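Participant: What would the 3D arrangement of this be:
(3 chains)
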Amino acid sequence: MLPTDSMDSGPSRRIAHLDMDAYFASVELLRYPELKGLPVVIGGRRSVPGEGFQRLRDYRGRGVVTTCTYPARAFGVRSGMGLMKAAALAPDAILLPGDYETYARVSRAFKAAVAEVAPAIEDRGIDEIYIDLTEVEGTSAELARRLKEAVKAATGLTCSVGITPNKLLSKIASEMQKPDGVTLLGLEDIPARVWPLPASAVNGIGPKAAAKLEALGIRTIGDLAAADPALLLQRFGQSYGAWLSDAAHGRDQRPLTIVREAKSMSRETTFDRDLHPREDRERLTAILLDLCGRLAQDLERKGLAARTVGIKLRFDDFSILSRDVTLGWAVASPDALRDAARDCLRRVTFDRRLRLLGVRAGSLVTPGTGGAPRPLF
DNA sequence: TCTGGGGTCCTAGGACCC
DNA sequence: TCTGGGGTCCTAGGACCC
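Facilitator: Numbering: from 1, shown residues only, chains lettered A, B, ... in the order given. Purely as a prediction, here's the structure:
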């Protein structure tokens, strides 16, 4: 047995994961302080403006809970839950439509504040980031406090921070003391603090993998660490099987991705009611044109063009179908996106009603560089 | 009363080329 | 006539994440 971990885990790092608490709901509470302490749910479509706040019980139609306050969670409401089901649990909860422009603005503000403390940041979406603290002066406890203070000063919001030697453990750690928490973990804490958690607490073990593990009698991360690696390889394949073993032992050497280029952009919409491919043809055409127009705007804003265009359909039975086409050139205009999307739609046999239509731009290039044919000389 | 919208990555087969 | 092995690109689907 090797006496130290430094020989097999490489140079030791200090990585933070910072996660905003009930993010969208907390931003709304800044705007409506009178809702503090009440069950509030963010979700659904923008409703007709009326008097006062809309109650969850009055909501009609499709939609899910995007996020909710902790008092709403006390009723059993969860992200991703259908709004009708949420209304049955918490009929008096306040329902607010999402205001994504504001959430994005506040997001830029908290990330800029964190960058003042530590500049090496990996963006993980609107409400969370990884931060490399390896080269930053101070104890982990001090740095956690400074990060939280910087976020609070810039936005008025609280967050939870986990600091450990890698991204995998920090992601787990930041969940441990939510909300407004700090959790510091070393490799020596793994057996006592990480192994009792359910396997699904690992980022990358979703519902399917968790169910498959459960069928093997593997429920906790500790069970996974104790499982025969050969069995995992056999049941989950070389790549994922090996990763499962590593993850259970807290082994993770992934670097932070500081700059990331967009790989694809898409727009999709779920209809108010399922649409018939022929009887509702005009309505579907109008929706397709709208999606292409919005996607073209997104591309223009980012100065990008697509060499691949695809469509996504969700049918009334929730099955999903996609088709895409790669063009010999890059496109960005609404008309070109529409023509390519129509080519894709022609390859589909429609025998069910449609629930959702989406348009996707992939193989993105910057026009004038990657989009042009390479010169011969 | 079912189940949003925006992404990434992986796998796997076939076409095509060397 | 049959023997190859890579490599890349494209397409479709699926798992997972925020």
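Participant: Please name the nearest non-neighbouring residue to the closest residue to DNA strand C within the stretch 201-350 of chain A.
Facilitator: Nearest to DNA strand C, among the residues of the stretch 201-350 of chain A, is A:G206, at 2.2 Å (C-beta to the nearest atom of the strand). C-beta here means a position set from N, CA and C on the backbone, and glycine is covered the same way. The shortest distance from A:G206 to any non-neighbouring residue, by C-beta to C-beta, 6 or more residues apart in numbering, is to A:S200 (7.3 Å).
Participant: which secondary structure element contains A:A209?
Facilitator: Assignment of secondary structure by DSSP states H and E places A:A209 within helix A:207-215.
Participant: Report the buried residues of that helix.
Facilitator: A:209-210, A:213 (16 or more other C-beta atoms under 10 Å).
Participant: ditto for stretch A:341-348
Facilitator: Buried, per 16+ other C-beta under 10 Å, within stretch A:341-348: A:341, A:344-345.
Participant: Pull the distance from that stretch to the chain's centre.
Facilitator: Remark: stretch A:341-348 is offset 29 Å from the chain centroid, using C-alpha atoms, centre = their mean, to the nearest Å.
Participant: ok, and of the buried residues of helix A:207-215, which contact DNA strand C?
Facilitator: By C-beta under 7 Å from any atom of the strand, the members of the buried residues of helix A:207-215 lying near DNA strand C are A:209-210.
Participant: From the buried residues of helix A:207-215, pick the one nearest A:V259.
Facilitator: Taking C-beta to C-beta as the measure, A:V259 lies nearest A:A209 of those, at 29.8 Å.
Participant: pretty sure the residue of the stretch 201-350 of chain A closest to DNA strand C contacts A:K212?
Facilitator: No - at 10.3 Å, A:G206 does not count as touching A:K212 under the criterion of C-beta atoms under 8 Å.
Participant: coming back round to it: I'd like the distance from the helix holding A:A209 to the chain centre, please.
Facilitator: For helix A:207-215, the distance to the chain centre is 21 Å (C-alpha atoms, centre = their mean).
Participant: For it, which outside residues touch it?
Facilitator: The contact list for helix A:207-215 (C-beta atoms under 8 Å, 6 or more residues apart in numbering) reads A:198-200, A:205, A:219, A:223-224, A:235-236, A:240, A:244.
Participant: One more pass at 6 Å, please.
Facilitator: Residues outside helix A:207-215 that contact it (C-beta atoms under 6 Å, 6 or more residues apart in numbering): A:199-200.
Participant: could you check whether the helix or strand just after it is close to DNA strand C?
Facilitator: Scanning forward in sequence from helix A:207-215 by DSSP H and E, the next helix or strand is helix A:221-226. No - Helix A:221-226 does not reach DNA strand C (C-beta under 7 Å from any atom of the strand); its nearest approach is 12.6 Å.
Participant: Tell me which residues of whichever helix or strand comes after helix A:221-226 come out buried.
Facilitator: Moving toward the C-terminus from helix A:221-226, the next helix or strand (DSSP H and E) is helix A:229-236. Using 16+ other C-beta under 10 Å as the test for burial, helix A:229-236 gives A:232-233, A:235-236.
Participant: now do stretch A:35-48
Facilitator: A:35, A:39-44.
Participant: Redo the residues you listed as CSV? Include distance to DNA strand C.
Facilitator: Shown next, in CSV, are those (distance: C-beta to the nearest atom of the strand, whole Å):
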residue, distance to DNA strand C
A:L35, 23
A:P39, 21
A:V40, 19
A:V41, 17
A:I42, 13
A:G43, 13
A:G44, 16
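Participant: Give me every residue in chain A lying close to DNA strand C.
Facilitator: Residues of chain A found near DNA strand C (C-beta under 7 Å from any atom of the strand) are A:124-128, A:171, A:202-210, A:307-308, A:310, A:320-326, A:344, A:347, A:363.
Participant: please redo it, this time with the cut-off set to 6 Å
Facilitator: Counting by C-beta under 6 Å from any atom of the strand, the residues of chain A close to DNA strand C are A:124-128, A:203-209, A:308, A:320-326, A:347.
Participant: Tell me the residues of the stretch 251-377 of chain A that contact DNA strand B?
Facilitator: Neighbours of DNA strand B within the stretch 251-377 of chain A, by C-beta under 6 Å from any atom of the strand: A:262-270, A:318, A:356.
Participant: Among these, which one has the most neighbours?
Facilitator: Among these, A:R267 has the most neighbours (other C-beta atoms under 10 Å), with 20 neighbours.
Participant: what sits up against the helix or strand harbouring it?
Facilitator: Following DSSP H and E, one finds A:R267 within strand A:264-275. Here strand A:264-275 makes contact (C-beta under 6 Å, 6+ apart) with A:62, A:284, A:291, A:294-295, A:298, A:316, A:353-356, A:358-362.
Participant: Among those, which lie within helices?
Facilitator: Secondary structure assignment by DSSP state H places A:284, A:291, A:294-295, A:298 of the contacts of strand A:264-275 in helices.
Participant: ok, so what distance separates A:G76 from A:A210?
Facilitator: Distance from A:G76 to A:A210, counting by C-beta to C-beta, to the nearest Å: 20 Å.
Participant: Identify the residues contacting A:R323.
Facilitator: Neighbouring residues of A:R323 by C-beta under 6 Å, 6+ apart: A:311, A:344, A:347.
Participant: and the residue nearest to the spatial centre of chain A, what are its phi and psi?
Facilitator: Compute the mean C-alpha point of chain A, and by C-alpha atoms, centre = their mean the closest residue is A:G125, 6.0 Å away. With angles defined as degrees, to the nearest 10, A:G125 sits at phi 120, psi -170.
Participant: How many neighbouring residues does A:S12 have?
Facilitator: Here the count is done by other C-beta under 10 Å, and A:S12 has 12 residues near it.
Participant: Let me see the contact set for it.
Facilitator: For A:S12, the contact set (C-beta under 6 Å, 6+ apart) comprises A:P165.
Participant: Redo the buried residues of helix A:229-236 as TSV? Include distance to A:L18 and pLDDT.
Facilitator: Converted to TSV, those look like this (distance: C-beta to C-beta, whole Å; pLDDT from 0 to 100):
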residue	distance to A:L18	pLDDT
A:L232	31	95
A:L233	34	93
A:R235	35	93
A:F236	31	94
